[in-house]
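Enquirer: just the structure for this:
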Amino acid sequence: MGNALTIAHKEVKAYFESPIAYIVIGFFALIFGYFFVALLSYFVGQSLQMQGMGGGAPPLNINQHLIAPLFLNASVVVLFVLPSITMRTYSEEKRSGTIELLLTSPLTDLQIIMGKFIGAMTLWAAMLAVTVPHIGLLFWKGDPEVMQVLTVYLGMLLMGGCCISVGLFISSLTKNQVVAAMATFAVFLLLWVIDWISSFTGPMMQQVLTYLSITQHLDDFTRGVLDTQHLVYYISFIAFGLFLTARSVDTERWRG
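Expert: Now for the predicted structure:
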């Protein structure tokens with residue numbers, strides 16, 4: 001595990017020594033901030049309207065009407081920012097010729113893959129960390145449910161892990177970073193809209209495609225529901241993506 005953490009440290013350092021980390025974190029913070037202000041303004045307006053109507057109407061639930069749609073909207077940004085993180089993981093190694101040194105080093109494929117995965121996940125966690133002050137403001141002025149907030153962060157972290165595992169695999173297939181980013185975006189976009197396609201199929205296929213939809217599994221997390229079905233889906237997805245990456249790296253090793 002120590003070797004994997006060493007590679008992870010190297011990956012994180014490489015992210016922050018280049019503009020990549022600052023650009024993706026800044027872009028995510030900007031978009032999240034916009035969603036936060038827009039939804040907060042709408043939430044406050046709706047609350048004031050209900051108070052004006054009187055009749056003892058219960059106040060709007062801050063988790064259901066603000067936090068859940070906030071993170072569902074913010075999850076769309078994953079489609080754009082995470083491919084830019086994973087595109088360089090193997091493609092840059094191939095382009096610069098350092099992949100041979102990496103594969104001939106006394107490191108196992110699993111250590112290399114896990115190191116790169118942990119490094120990318122660390123950057124994704126840093127991106128989520130910039131949203132904490134916004135949620136902290138809600139705790140200061142409101143009364144959100146703590147468990148739902150923790151659950152939605154877990155769901156976002158796992159969904160990002162799925163995209164990263166796919167990105168690692170695709171990056172291991174090509175030397176071109178742009179191709180790796182666009183292919184990762186295309187695959188994740190397909191998983192994003194696959195439940196829309198399911199409405200044009202039969203009941204059996206519709207059930208299968210809906211299960212494969214990555215957003216369907218995030219919905220319960222945003223509502224504070226921690227269902228093992230969704231945990232199994234995300235963890236299995238990540239494991240399968242890393243498995244494909246291992247097979248691709250192993251093929252590259254034999255070719256070398």
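Enquirer: work out for me the element the residue positioned nearest the centre of the chain sits within.
Expert: By Cα atoms, centre = their mean, the chain has its centre lying nearest to residue 160, at 1.7 Å. For residue 160, the element it lies in under DSSP states H and E is helix 146-171.
Enquirer: what residues of that helix count as buried?
Expert: 148-149, 151-153, 155-156, 158-171 (16 or more other Cβ atoms under 10 Å). C-beta here means a position set from N, CA and C on the backbone, and glycine is covered the same way.
Enquirer: one more: stretch 13-33?
Expert: Buried residues in stretch 13-33, defined by neighbour count with 16+ other Cβ under 10 Å: 15, 20, 21, 24, 25, 28, 29, 31, 32.
Enquirer: CA atoms only for it - export them in PDB, please.
Expert: Extracted in PDB, the C-alpha atoms of stretch 13-33 (Å, rounded to 0.1, in the frame of the first residue of the first chain):
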ATOM      1  CA  LYS A  13       1.900  16.800  -6.900                       C
ATOM      2  CA  ALA A  14       1.800  16.700 -10.700                       C
ATOM      3  CA  TYR A  15      -1.800  18.000 -10.700                       C
ATOM      4  CA  PHE A  16      -0.900  21.000  -8.600                       C
ATOM      5  CA  GLU A  17       2.300  21.700 -10.400                       C
ATOM      6  CA  SER A  18       0.300  22.200 -13.600                       C
ATOM      7  CA  PRO A  19      -2.700  24.400 -14.100                       C
ATOM      8  CA  ILE A  20      -5.000  21.400 -14.200                       C
ATOM      9  CA  ALA A  21      -5.900  21.300 -10.500                       C
ATOM     10  CA  TYR A  22      -6.500  25.000 -10.200                       C
ATOM     11  CA  ILE A  23      -8.600  25.200 -13.400                       C
ATOM     12  CA  VAL A  24     -10.900  22.300 -12.500                       C
ATOM     13  CA  ILE A  25     -11.300  23.300  -8.900                       C
ATOM     14  CA  GLY A  26     -11.900  26.900  -9.900                       C
ATOM     15  CA  PHE A  27     -14.400  25.900 -12.600                       C
ATOM     16  CA  PHE A  28     -16.300  23.500 -10.200                       C
ATOM     17  CA  ALA A  29     -16.400  26.100  -7.500                       C
ATOM     18  CA  LEU A  30     -17.700  28.800  -9.900                       C
ATOM     19  CA  ILE A  31     -20.500  26.500 -11.200                       C
ATOM     20  CA  PHE A  32     -21.400  25.200  -7.800                       C
ATOM     21  CA  GLY A  33     -21.500  28.700  -6.400                       C
END
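Enquirer: contacts for that stretch, please.
Expert: Contacts with stretch 13-33, where a contact means Cβ atoms under 8 Å, 6 or more residues apart in numbering, come from 70, 74, 77, 80-81, 84-85, 88, 119, 123, 126-127, 130-131, 134.
Enquirer: go again with 7 Å.
Expert: Stretch 13-33 is contacted from outside by 74, 77, 81, 84, 85, 123, 126, 127, 130, 131, 134, using Cβ atoms under 7 Å, 6 or more residues apart in numbering.
Enquirer: what's the answer for stretch 224-243, then?
Expert: If you take Cβ under 7 Å, 6+ apart as the criterion, stretch 224-243 is touched by 63, 113, 117, 145, 147-148, 151, 158-159, 161-162, 165-166, 168-169, 217, 220-221.
Enquirer: and that stretch, how far out from the chain's middle?
Expert: Distance of stretch 224-243 from its chain centroid, counting by Cα atoms, centre = their mean, to the nearest Å, is 13 Å.
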